[in-house]
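My questions concern the predicted model and sequence given below.
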Amino acid sequence: MDRKDQDWGDAPASTHKDKSAQAAGLPAAEDGDVLVARSVTINRSRHELYDFWRDFRNLPLFMENIESVALIDADRSHWRVKGPADSTLEWDSMLTEDIPGEVLAWTSVQGADVPNTGRIEFRDSSNGRGTIVTATIAYEPPASKLGELIAKLFGREPKIQARRDLRRFKQLMETGEIPTSAPPEAAPRSE
Amino acid sequence: MRALTWQGKTDVRVETVPDPGIVNPRDAIVRITSTAICGSDLHLYDHMIPGMKSGDILGHEFMGEVVEVGSGNQKLKVGDRVVVPFVIACGQCFFCRKQQFAACDNSNPADKSDPSEMAYGYSMAAAFGYSHLTGGYSGGQAEYARVPYSDVGPIVVPDNGIDDDEVLFLSDILPTGWMAADNCDIEQGDVVAVWGCGPVGLFAIQSAFVMGAHRVIAIDHHPRRLQLAQNLGAEVIDFEQVQVREALYELTGGIGPDACIDAVGMESHGMSPDNILDHVKVKTFMATDRVHALRQVIMATRKGGRVSIPGVYGGIADKFPIGALMEKGLTIKSGQTHVQKYTKQLLDLILEGKLDTTFLISHRLDLEDAAEGYRNFKEKQNEYTKVVLKPGLKAPTRH
């Protein structure tokens, strides 16, 4: 959104105290959606980060809840995500915006277990500290019994989940591995 | 392997636990030859630091021999003799590149970073054996340890002609004492006062002199510790016998110390009204940190002077003299030690014979006797200035 429309200064919409103003930061979001936005600076080039993310099959490497992403074609992919009580949630996702080295956005197609949209922006840090990656995710828990569970599981800590996933992305991109203090048999995959 | 595990408040035990293994490409496994108990381990022992889990392996001052390296480690090789910094740092983030290793953005696992982000605004770097707030990594009071990002932290020391005891403290307390003095920005003619003559305080005294301090005044109440400070050339004040602020005023001709170092931290002793009040408040959870020493430091520092805080604090303090700080125009520097920034220069000073740290060690125990070491280090602070544990010291007889 254009800055002149904002009456609260230069801060991003996602930091607004008012939920409806937050939603204005993500065009695809509707009332009732759970919104998460978070930035992280990664000491790597925009293109390197974009390229890694653009291959959606890489996402399970650093996103804790995603079991797998399979490519259907250049713009579509199939996602399998851990749900509550050992369930698996699935959906097809479609690219809605793709500017190499700058933006990736996607939305789930009709019939998704959890309708969702996501947008990742890659910007050069103006003071030479690498790339500022901003992730904005919105999703709509379904109105069912399972949906209530999902809302509970995801809705309670979506910000925590998003910041952990972004943190793992940064760790993997900057250091080539994802730190863990878990013992070898319980440690997550990073090699 | 055998390892010292935390079980609860003032309950630590040596137990048999699974051996560590390589997890990530840049890891190494170190067979530990010497490992020390740190004053800050007593904060864990007393359960003053949250985020401990029963069974956690303690210890963040250790050295030994590399016995295994991960596939992505281009620096270490099997057989290298290394001292391991207590701070785990990736070497590649914004902070590591500024040599602020203790602020490393990557070493703390993502699933462990939330509490410190909530407590401090940003998540902290990881450390060995120091609660799940700083990563939950197993520590080095054990026979073996897994060292993440081992191509950044561990410093290789020569095999011959130098004993473990001479270099072990590069892992923490020597760089910590050094940085404490470095943070004082010592100028010619400076009088530096140091609260606390534990290991960090003593090394800060030594470092301050190396950096050109004109006089160093040390404050403690244990006679043996004050004696060690005196041996290093410091003038000493026993806070149980004299009024510390008045003494510092007189000893500096009414100007006050140019720089003051709080090497005491959150569990300061001494029975003055404000400390008793802190004690009550900590017991009733109205505050978490007892800051008697720090208050005295801020009151005693001369106008326009410098305050350095290597002492560990974790929470929130009450009755902090913000007015004295502002009105006198003090500069405060603090922080966990950027160990990796200092290890090379300090190893050189040791090898050149300009720094000797072995005077500090009062007791060398087998790892099996670590629990006794903790108890005595806490309860007999006068005699137990530093405990070094050596796995296999009593070998071959094993429990």
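Received the coordinates, thanks.

So B:Leu330 versus A:Arg129, what's the distance?
Taking Cβ to Cβ, to the nearest Å as the measure, B:Leu330 falls 31 Å from A:Arg129. Placement of C-beta: from N, CA and C, glycine included.

So those two - more neighbours on which side?
B:Leu330 (20 against 14; other Cβ atoms under 10 Å in any protein chain shown).

What is the burial count for residue 181?
I went with chain A, as the question did not name one. 23.

if you could check chain B rather than the one you did, that'd help
B:Ala181 has 27 neighbours, counted by other Cβ under 10 Å.

and for stretch B:214-234, what are the contacting residues?
Contacts to stretch B:214-234, defined as Cβ atoms under 8 Å, 6 or more residues apart in numbering or on different chains, come from residues B:188-198, B:201-202, B:205-206, B:208-209, B:235-240, B:244, B:248, B:251, B:257, B:269-270, B:359-360, B:381-383, B:385.

So which of the residues you listed are in helices?
Taking DSSP state H, the ones among the contacts of stretch B:214-234 that sit in helices are B:Gly201, B:Leu202, B:Ile205, B:Gln206, B:Ala208, B:Phe209, B:Val244, B:Leu248, B:Leu251.

my guess is the last one meets B:Glu235, correct?
Yes - between B:Leu251 and B:Glu235 there is a contact at 6.8 Å, judged by Cβ atoms under 8 Å.

and the two? which has more neighbours close in?
B:Leu251 (17 against 14).

what's the closest non-adjacent residue to that one?
In space, and not counting its chain neighbours, B:Leu251 is closest to B:Ile217: 6.1 Å by Cβ to Cβ, 6 or more residues apart in numbering or on different chains.

and the direction of the helix or strand containing the one you found versus that of helix B:199-210, what angle?
Assignment of secondary structure by DSSP states H and E places B:Ile217 within strand B:215-220. Using axes from the mean of the first three to the mean of the last three Cα atoms, to 10 degrees, the inter-axis angle of strand B:215-220 relative to helix B:199-210 is 170 degrees.

I'd like the next helix or strand past strand B:215-220.
Of the helices and strands lying after strand B:215-220 in sequence (DSSP H and E), the nearest is helix B:223-231.

Now do that following helix against helix B:199-210: the angle between them, please.
10 degrees.

can I get the CA coordinates of helix B:223-231 in CSV?
Taking Å, rounded to 0.1, in the frame of the first residue of the first chain, the C-alpha atoms of helix B:223-231 are listed here in CSV:
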residue,chain,number,x,y,z
PRO,B,223,41.0,-13.5,53.0
ARG,B,224,42.5,-16.0,50.6
ARG,B,225,41.0,-14.2,47.6
LEU,B,226,42.1,-10.8,48.8
GLN,B,227,45.6,-12.3,49.3
LEU,B,228,45.6,-13.5,45.6
ALA,B,229,44.5,-10.0,44.6
GLN,B,230,47.3,-8.5,46.6
ASN,B,231,49.8,-10.9,45.0
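
Buried ones in it, by neighbour count?
By 16 or more other Cβ atoms under 10 Å in any protein chain shown, the buried positions in helix B:223-231 come out as B:Arg224, B:Arg225, B:Leu226, B:Leu228, B:Ala229.

Tabulate those residues in TSV, adding columns for pLDDT.
Formatted as TSV, these follow (pLDDT from 0 to 100):
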residue	pLDDT
B:Arg224	94
B:Arg225	94
B:Leu226	97
B:Leu228	96
B:Ala229	98
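
Show me which of those residues is closest to chain A.
Nearest to chain A among the buried residues of helix B:223-231, counting by Cβ to the nearest Cβ, is B:Arg225 at 34.6 Å.

coming back round to it: if I look at the residue nearest to B:Leu251, how far off is B:Gln241?
Taking Cβ to Cβ, one finds B:Ile217 at 14 Å from B:Gln241.

between the two, which one's more packed in?
B:Ile217 (24 against 9).

What mean pLDDT does the helix ranked longest in chain A get?
Secondary structure of chain A per DSSP H: the longest helix is helix A:158-175. For helix A:158-175, mean pLDDT is 90.

Show me what it is in contact with.
With contact meaning Cβ under 8 Å, 6+ apart, helix A:158-175 is reached by A:34, A:36, A:38, A:40-44, A:48-49, A:52-53, A:61-65, A:133, A:135, A:137, A:139, A:154, A:177-179, A:190, B:26, B:90-93, B:105-106, B:110-111, B:113-114, B:117, B:123, B:149.

The buried residues of helix B:223-231 into a markdown table, with extra columns for distance to B:Leu365?
Converted to a markdown table, the buried residues of helix B:223-231 look like this (distance: Cβ to Cβ, whole Å):
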| residue | distance to B:Leu365 |
| --- | --- |
| B:Arg224 | 18 |
| B:Arg225 | 20 |
| B:Leu226 | 25 |
| B:Leu228 | 20 |
| B:Ala229 | 25 |
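
got the angle between the host helix or strand of A:Arg119 and helix A:158-175?
According to DSSP H and E, A:Arg119 maps onto strand A:116-124. If you take the same axes, to 10 degrees, strand A:116-124 sits at 40 degrees to helix A:158-175.

List the buried residues for strand A:116-124?
Neighbour-count burial for strand A:116-124 [16+ other Cβ under 10 Å]: A:Asn116, A:Thr117, A:Gly118, A:Arg119, A:Ile120, A:Glu121, A:Phe122.

Now do the SS call for A:Arg57.
Per DSSP: H, G, I helix; E, B strand; the rest coil, the secondary structure class of A:Arg57 is helix.

Now the residue nearest to it when sequence neighbours are not counted: which helix or strand?
Leaving aside its sequence neighbours, A:Arg57 sits nearest to A:Val69 (Cβ to Cβ, 6+ apart; 5.4 Å). Using DSSP H and E, A:Val69 falls within strand A:66-71.

Check B:Gly353 too.
Element membership for B:Gly353, per DSSP H and E: none, as it lies in no helix or strand.

any idea how far it lies from chain A?
Look at B:Gly353 and chain A: by Cβ to the nearest Cβ, to the nearest Å, they are 37 Å apart.

if I look at A:Pro183, how far off is chain B?
7 Å.

thinking again about what came up before, filter the contacts of helix A:158-175 down to the buried ones.
A:34, A:36, A:38, A:40-44, A:49, A:52-53, A:62-63, A:133, A:135, A:137, A:139, A:154, A:177-179, A:190, B:26, B:90-93, B:105-106, B:110-111, B:113-114, B:123, B:149.
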